[in-house]
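> A structural model of the following input is requested.
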Amino acid sequence: MALVQTCAIDNNSDAWLIWMFREASSKGEKLSLDPPRIVAFHFFDNRHRDDVTTKKWAKLMAKLAHEYAGRIMFGMRDMKSIGNWHPNLRPNDFGGYRPGLPPLIYGEDKKHNVYEMNRLVNYRNMKDFCEKLLQDQLFQAVVLAPVAELDSPPQNYFDLEDHKDRDYFVMLYDPACYHWPMQLKMLRKLSLLLANETISVMIINKSHNYLGVVFNKFSKAVNCHGATIFSTSRLDGWDFKMRPRQDSTREYLRYIAQSRQPELLGYDANGEPKAPEAALAYIECLFAESS
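Sure thing, here's the model as predicted:
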């Protein structure tokens with residue numbers, strides 16, 4: 001069935017440019033804006049009246065809409081309405097119109113998790129974004145174990161976050177950074193030290209993932225090659241604490257111990273073992289030679 005381009009108004013009175021089946025349009029059926037969907041935000045309502053740029057991005061979205069008809073809903077909106085799309089996005093964060101500026105692309109899955117397409121906007125990257133959205137592979141995390149053979153397979157971070165009986169210590173990393181091999185060894189030691197705690201140590205590869213909106217914002221805010229986030233489940237949602245990477249496993253453990261409420265089972269608020277008999281194993285783990 002052929003798609004037609006049309007305009008729609010949602011419950012927030014925000015205007016959408018969408019592509020829908022011609023039959024549904026002719027019968028006057030209710031427009032569906034349900035996810036999975038991909039939305040492009042741009043400065044369409046600008047004093048420059050840059051219709052050439054607008055048509056360029058609309059043409060790309062139309063091509064993808066036809067290719068994924070019935071599987072993904074595609075829409076375009078003005079930048080001023082981005083705050084109604086996600087509470088952590090504000091129009092003022094993105095400046096103003098500039099000639100040649102590409103739109104901001106976001107994807108939303110069926111569970112209403114939102115991801116940012118943080119790569120060059122072109123057909124190839126957009127197609128990759130669409131495929132991973134359908135396969136639930138946009139934002140994958142690995143739960144670290146003391147040895148690589150016991151690591152969990154990559155999973156959607158938001159699915160892991162659904163298990164609210166645990167806290168999460170997450171590192172966003174770039175594998176090309178020269179710090180990363182040493183950081184990985186520190187995090188494996190940390191995973192061993194926290195084996196009896198209700199805390200999971202996770203890593204997220206920034207270069208191979210399309211991050212969730214909150215995490216992408218955190219990653220940009222920290223001007224370093226690695227950012228760590230300690231997230232704790234609260235009755236009103238998740239509480240996030242963000243810091244740059246640290247230089248030792250002990251510093252990571254101290255940071256977690258100070259951030260954790262209630263206190264860790266095996267460590268005090270300074271990250272030191274509570275039981276004297278456990279101190280030797282703790283010291284041996286921290287200062288073990290790298291194999």
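
> Check which helix or strand residue 216 maps to.
Secondary structure here is read from DSSP states H and E; on that basis residue 216 sits in helix 213-221.

> Same check on residue 127?
Counting by DSSP H and E, the element that carries residue 127 is helix 123-134.

> residues making contact with that helix?
Contacts of helix 123-134 with the rest of the structure, by Cβ atoms under 8 Å, 6 or more residues apart in numbering, involve 36, 38, 60, 63-64, 67-68, 71-72, 105, 107, 109, 115, 117, 119, 138, 210. (C-beta placed from N, C-alpha, C; glycine too.)

> Show the subsequent helix or strand relative to that helix.
Secondary structure here is assigned by DSSP H and E; on that basis, the next helix or strand after helix 123-134 toward the C-terminus is strand 140-143.

> Relative to that next one, what are the paired strands and their orientations?
If you go by DSSP bridges, strand 140-143 pairs up with strand 155-156 (antiparallel), strand 199-205 (antiparallel).

> Next, report how far it is displaced from the centre of its chain.
Computed by Cα atoms, centre = their mean, to the nearest Å, the separation of strand 140-143 from the middle of its chain amounts to 12 Å.

> With stretch 115-134 instead?
Between the centre of stretch 115-134 and the centre of its chain there are 13 Å (Cα atoms, centre = their mean).

> Relative to the whole chain's centre, how far out is stretch 132-150?
The chain centroid and the centroid of stretch 132-150 are separated by 13 Å, computed with Cα atoms, centre = their mean.

> Over to it now: how far is its first residue from its last?
One end of stretch 132-150 sits 25 Å from the other (Cα to Cα, to the nearest Å).

> swap in stretch 259-271?
End-to-end span of stretch 259-271 (Cα to Cα): 10 Å.

> which residues touch that stretch?
167, 194, 196-197, 199, 230, 232, 241, 250, 253-258, 273-275, 278.

> Among these, the buried ones, what's the ChimeraX command?
The buried residues among these can be selected in ChimeraX (16 or more other Cβ atoms under 10 Å) with this line:
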select :167,194,197,199,230,232,250,253,254,255,256,257,273
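
> and the residue nearest the centre of the chain, bridged to which residues?
Against the mean C-alpha coordinate of the chain, by Cα atoms, centre = their mean, the closest residue is residue 212 at 1.8 Å. In this structure, residue 212 bridges to residue 115 when assessed by DSSP bridges.

> that's a helix at residue 183, yeah?
Yes: under DSSP: H, G, I helix; E, B strand; the rest coil, residue 183 falls within a helix.

> unless I'm mixing things up, it is touching residue 171, no?
Yes: taking contacts as Cβ atoms under 8 Å, residue 183 lies within contact range of residue 171: 7.0 Å.

> So for those two, which sits in the more crowded spot?
residue 171 (25 against 21; other Cβ atoms under 10 Å).

> quick one: low-confidence ranges for the stretch 51-200 of the chain?
Filtered on pLDDT under 70, the stretch 51-200 of the chain yields the residue ranges 51-53, 164.

> can you pull out the helices in it?
With DSSP state H, counting those that start in this stretch as the criterion, the stretch 51-200 of the chain has helices at 51-67, 82-85, 123-134, 157-161, 180-193.

> okay if I get those as CSV plus distance to residue 43?
Formatted as CSV, the helices of the stretch 51-200 of the chain follow (distance: least, Cβ to Cβ, whole Å):
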stretch, distance to residue 43
helix 51-67, 9
helix 82-85, 11
helix 123-134, 19
helix 157-161, 30
helix 180-193, 37
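
> Out of these, which is closest to residue 100?
The closest approach between residue 100 and any of the helices of the stretch 51-200 of the chain, judged by Cβ to Cβ, belongs to helix 51-67 at 7.0 Å.

> between the closest one and helix 123-134, how big is the angle?
What separates the directions of helix 51-67 and helix 123-134 is an angle of 40 degrees, with axes from the mean of the first three to the mean of the last three Cα atoms, to 10 degrees.

> With just CA atoms, put helix 51-67 into PDB.
What follows is helix 51-67, C-alpha atoms only, in PDB (Å, rounded to 0.1, in the frame of the first residue of the first chain):
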ATOM      1  CA  ASP A  51      12.700  25.300   2.100                       C
ATOM      2  CA  VAL A  52      15.600  23.500   0.200                       C
ATOM      3  CA  THR A  53      17.000  22.100   3.500                       C
ATOM      4  CA  THR A  54      13.500  21.200   4.700                       C
ATOM      5  CA  LYS A  55      12.700  19.300   1.500                       C
ATOM      6  CA  LYS A  56      16.100  17.500   1.700                       C
ATOM      7  CA  TRP A  57      15.400  16.000   5.100                       C
ATOM      8  CA  ALA A  58      11.700  15.400   4.400                       C
ATOM      9  CA  LYS A  59      12.800  13.400   1.200                       C
ATOM     10  CA  LEU A  60      15.200  11.200   3.300                       C
ATOM     11  CA  MET A  61      12.500  10.600   5.900                       C
ATOM     12  CA  ALA A  62       9.900   9.800   3.200                       C
ATOM     13  CA  LYS A  63      12.300   7.200   1.600                       C
ATOM     14  CA  LEU A  64      12.800   5.500   5.000                       C
ATOM     15  CA  ALA A  65       9.000   5.700   5.800                       C
ATOM     16  CA  HIS A  66       8.200   3.800   2.600                       C
ATOM     17  CA  GLU A  67      10.900   1.200   3.300                       C
END
